[in-house]
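Enquirer: dropping the sequence and predicted coords here.
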Amino acid sequence: MISLQTKELGKWFGTRKIFDRLDLYLEEKGSLVVTGKNGSGKTTLLKILCGLLRPTKGEVLINFGERNLTRQESRNLLGLVMPDLELYGELTALENLLFLSRIRGLNLSRGELEMKIDQVGLAGREDDPVFSFSSGMKQRLKYALALLFDPRVLLLDEPTANLDEDGILLVDRIVSQQKERGILILATNEKADLKYGDRVIQLGN
Amino acid sequence: MAIESSSWAIRSAWLLAKDLKSEFRTRYALNAILMFALTTLAVVSFSLGASSLSPKMAASLFWLVIFFSSMSGLAQVFVKEEESRTVNLLRLVATPGIVLCGKFLYNLALLLILEIVVVPVFAVLVNVPILNLWLFLSVLLVGSLGLASATTIIAAIISRARVKGALFAVLSFPILLPLLIAAIDGTYLSLQGEGFSACWSDLRLLISYAVVMFTASLLLFDFVWSE
Amino acid sequence: MFWKLLLLVWMCGVIVAAFLLPPPQSQLGDVSRIFFFHVPVAWVAVLAFLTAFVYSIRYLRGKDLALDAKAAVASRLGLLFAILATITGSIFAKSSWGSYWNWDPRETSLFILLLIYGAYLVLRSAVEPEERRAALSSVYAILAFVTVPFLVFVVPRVYQSLHPTDSVIDQRFRFQMPPAILATFLASLLGFTSLYVWLFKLETRINTLSGELKEESV
């Protein structure tokens, strides 16, 4: 049983306040949509939740059962799709996934990785360098990467950005799968994406 | 979940392999480094004409070429991750220690490639006989270890700065000065044909510099790497 | 207030004493009087480096931005004193060895110290936001400090010394120093060190106050 909690979370950039006193609590099968104007701190919040940024105040706790996980342990349970998280352009799709899984200590075979690439609808393109991909294809590959580690907590920033209709269906499927087995948090401004979460919070007021 | 805790060394090697692979596909750093070294050597050779350099001058010149060539390319090891916005991905999947080791190995590999090209060209163009080749190569190798350690952590620092331009050389020079002085002295002795015993204090200094710099980097890297 | 005035009087006393109290030295003449200013100033330049190093370590352990600000203050003062030491050293070098710069080991060390201070301050001006600037510059200060032992070892081997052998580092000289010279020198050392401490506290206070002002205005 996994849970994610923030306590009195606050973030300042210099003297500019982004948000303050944010208390969130999510349990397994819980989902949350974060909305707000551009610059209201959606991406910042997601980055703090996954440990890429340090909060100015407060803390993020990820618990497994009764046990509080360290930053490194909790990273292994996270999956992330974000515009700010690019893949290596010079490497092929398969090489990207191979490298990223190996450096994390995960020994997936070529076949398994190809299957993941198939699942996001990129079959046949696994040996093409990522810089030749369109932005929608890159977004799909980011999903393949995020799902590579069977994340217990999935964080999505602008989940449907650059995706076609098929791609959006893919996101629908991933979201409903994630709601079965873990926690889902997504940041978006698309009205259509609001349906993905049980709860909605708005930043910037 | 099939988490297999493959060792530190293997994971660092994967990072090295990734960086070498994308380097050979893009020639992002290597071309800059090699062209810089060759141009400098050619200029020196032109201006020397038929006259030759004293061993002292040749040793200084050799390390100057190595130093400035490294300055032209070794910062890419982190700057490129930052510029192509892949750095957060690496932060998420790898632990800081592995990142530092992998990047250190990569910079060392670039340096060794640079030296494989520069040493013969230097010997031919500058017309200085290397009387004790083994000593020369030993000084070069331990010098490169220290050079790679120092440049890796400094590259990590400047990759997070707003302006990067000349910052790399400005920050590196004071830190690398003891290494350069000892390496020039050791190279000078090797050109003169001195034995290992005469050069022992330089070699000892270069080895301890590499060890200290690498250890310090390992201890400090997390502060640079994580926000 | 009292300490400030005392420092003023003390420094005036030191200056007067340096010019009048000890008799001119037999070989170097009146030129040697610069010793009373050069050595304390150089000492403060090194002391400031040490201060910056200690505050950098403390910042990385405690992540308190005030500690980083102190490291920055120490470095700025250190740069100032290192420049003063270079100038006074050069004047002395010109009149006793005939040229302003000779790459003597201690000149070289001072030059490297200048480079380190310069690099550190350039780095600070190139990094944003505050927390990142603090972390990166602390790491750099520690790295720079770590290389000092190597310099101490390597520099004197390569460059021959021109420094007067009867300098303050030399143990024999301590016992040979006439009481008037020793007293003036120690007074000057104390004066410059206190001057540094006072400037350091003043700068730190300015920093804190301007930080508070900024917060109030937001």
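Expert: The structure has been received and is ready for your questions.
Enquirer: ok, and the closest non-adjacent residue to the residue in chain B positioned nearest to chain C?
Expert: In chain B, the residue that lies nearest chain C is B:Pro178 (3.6 Å; CB to the nearest CB). Quick note: C-beta positions are derived from backbone N, CA and C, even for glycine. Spatial nearest neighbour of B:Pro178, excluding adjacent residues (CB to CB, 6 or more residues apart in numbering or on different chains): C:Phe150 at 3.6 Å.
Enquirer: over to B:Val142?
Expert: Using CB to CB, 6+ apart, the nearest residue to B:Val142 is B:Leu206, at 4.2 Å.
Enquirer: going by residue numbers, what spans are helices in chain A?
Expert: A:42-49, A:71-75, A:93-103, A:110-119, A:135-148, A:165-181 (DSSP state H).
Enquirer: chain B too?
Expert: Using DSSP H, helices in chain B cover B:8-26, B:30-48, B:55-73, B:76-83, B:87-93, B:96-126, B:133-159, B:167-191, B:196-225.
Enquirer: buried residues, the fifth one. List them.
Expert: Counting neighbours by 16 or more other CB atoms under 10 Å in any protein chain shown, one finds that the buried residues in helix B:87-93 are B:87-93.
Enquirer: can you give me the distance of the residue nearest to B:Val142 to chain A?
Expert: 31 Å (CB to the nearest CB, to the nearest Å).
Enquirer: I'd assumed B:Gly143 was in contact with that residue.
Expert: Yes - here B:Leu206 reaches B:Gly143: they are 5.5 Å apart, a contact under CB atoms under 8 Å.
Enquirer: is any part of stretch A:90-108 close to chain B?
Expert: Yes - counting by CB under 8 Å from any CB of the partner chain, contacts between stretch A:90-108 and chain B involve A:90-91, A:95, A:99-100, A:102-108.
Enquirer: just the buried ones from the residues you listed, in PyMOL syntax?
Expert: The PyMOL command for the buried members of the residues of stretch A:90-108 next to chain B (criterion: 16+ other CB under 10 Å) is given here:
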select buried, chain A and resi 90+91+95+99+100+102+103+104+105+106+108
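Enquirer: adding pLDDT, write the residues of stretch A:90-108 next to chain B out as CSV.
Expert: CSV is the format used below for those (pLDDT from 0 to 100):
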residue, pLDDT
A:Glu90, 92
A:Leu91, 93
A:Glu95, 94
A:Phe99, 94
A:Leu100, 92
A:Arg102, 90
A:Ile103, 90
A:Arg104, 87
A:Gly105, 83
A:Leu106, 83
A:Asn107, 84
A:Leu108, 86
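Enquirer: quick one: low-confidence ranges for chain A?
Expert: A:205 (pLDDT under 70).
Enquirer: for chain C, give me its nearest residue in it.
Expert: A:Thr15 (4.6 Å).
Enquirer: so that residue touches C:Glu212, yeah?
Expert: No - at 11.5 Å, A:Thr15 does not count as touching C:Glu212 under the criterion of CB under 8 Å.
Enquirer: now the helices for chain C?
Expert: Secondary structure of chain C (DSSP H): helices at C:2-20, C:35-62, C:65-97, C:105-126, C:130-158, C:171-176, C:179-217.
Enquirer: returning to what we had before: overlap in contacts of B:Leu206 and B:Gly143?
Expert: B:179, B:182-183, B:186 (CB atoms under 8 Å, 6 or more residues apart in numbering or on different chains).
Enquirer: who in chain B is up against chain C?
Expert: B:150, B:153-154, B:157-158, B:160-164, B:167, B:170-171, B:173-175, B:177-179, B:181-182, B:185, B:201, B:205, B:208-209, B:212-213, B:216-217, B:220, B:223-224, B:227.
Enquirer: any idea how far C:Leu123 is from the residue lying farthest from the centre of chain A?
Expert: When each C-alpha in chain A is compared with the mean C-alpha position (CA atoms, centre = their mean), A:Thr15 comes out farthest, at 28.2 Å. Noted for A:Thr15: a distance of 23 Å to C:Leu123, by CB to CB, to the nearest Å.
Enquirer: what parts of chain C come near chain A?
Expert: Residues of chain C lying near chain A (CB under 8 Å from any CB): C:129-131, C:214-215, C:218.
Enquirer: what residues does chain A have near chain C?
Expert: Selection of chain A residues close to chain C by CB under 8 Å from any CB yields A:13-15, A:54.
Enquirer: biggest separation within the residues you listed, which pair?
Expert: With CB to CB as the measure, no two of the residues of chain A next to chain C lie farther apart than A:Thr15 and A:Arg54, at 17.1 Å.
Enquirer: wait, doesn't C:Pro129 sit right on A:Gly14?
Expert: Yes - if you go by CB under 8 Å, C:Pro129 and A:Gly14 touch, sitting 5.7 Å apart.
Enquirer: spatially central residue in chain B, please.
Expert: B:Ala148 (3.9 Å).
Enquirer: contact partners for it?
Expert: B:Ala148 sits next to B:74, B:104, B:107-108, B:111 when contact means CB under 8 Å, 6+ apart.
Enquirer: same deal with C:Ser95?
Expert: C:Val31.
Enquirer: do A:Leu53 as well
Expert: Contacts for A:Leu53 (CB under 8 Å, 6+ apart) come out as A:11, A:44, A:47, B:227.
Enquirer: quick one, phi psi at it?
Expert: Main-chain dihedrals, A:Leu53, degrees, to the nearest 10: phi -120, psi 150.
Enquirer: check B:Arg27 too.
Expert: Here is the backbone geometry of B:Arg27 (degrees, to the nearest 10): phi 50, psi 40.
Enquirer: same check on A:Glu126?
Expert: Phi and psi for A:Glu126, reported as degrees, to the nearest 10, are phi -70, psi -20.
Enquirer: just give the closest residue to it, not the sequence neighbours.
Expert: A:Leu94 (4.2 Å).
Enquirer: run a quick neighbour tally on C:Arg58.
Expert: 17 (other CB atoms under 10 Å in any protein chain shown).
Enquirer: quick check: it touching C:Ala66?
Expert: No - using CB under 8 Å, C:Arg58 is not in contact with C:Ala66, being 10.0 Å away.
Enquirer: and chain B, which of its residues are near chain A?
Expert: B:1-6, B:10-11, B:14-15, B:17-18, B:21-22, B:25-26, B:84-86, B:88-95, B:98, B:226-227.
Enquirer: do you know how far the residue of chain A closest to chain C is from A:Thr56?
Expert: Distance of A:Thr15 to A:Thr56, given as CB to CB: 11 Å.
Enquirer: look up how far chain A lies from C:Pro23.
Expert: 59 Å.
Enquirer: contacts only, for that residue.
Expert: C:Ala180.
Enquirer: distance check, it against C:Val31.
Expert: Separation of C:Pro23 from C:Val31 (CB to CB): 14 Å.
Enquirer: quick check: A:Gly167 touching A:Ser135?
Expert: No - with contact defined as CB under 8 Å, A:Gly167 does not count as touching A:Ser135 (10.8 Å).
Enquirer: tell me which residues in stretch C:195-211 are buried?
Expert: Within stretch C:195-211, the residues that count as buried by 16+ other CB under 10 Å are C:195-197, C:199-200, C:203-204, C:207.
Enquirer: which of these sits closest to A:Arg75?
Expert: Looking across the buried residues of stretch C:195-211 and measuring by CB to CB, the closest to A:Arg75 is C:Asn207, at 36.4 Å.
Enquirer: show the contacting residues for the closest residue to the closest one other than its chain neighbours.
Expert: Closest residue to C:Asn207 apart from its sequence neighbours, by CB to CB, 6+ apart: C:Ala69 at 4.9 Å. The contact partners of C:Ala69, by CB under 8 Å, 6+ apart, come to C:204, C:207-208, C:211.
Enquirer: out of those residues, flag the one nearest to B:Leu30.
Expert: Nearest to B:Leu30 among those, with distances taken as CB to CB, is C:Asn207, at 44.8 Å.
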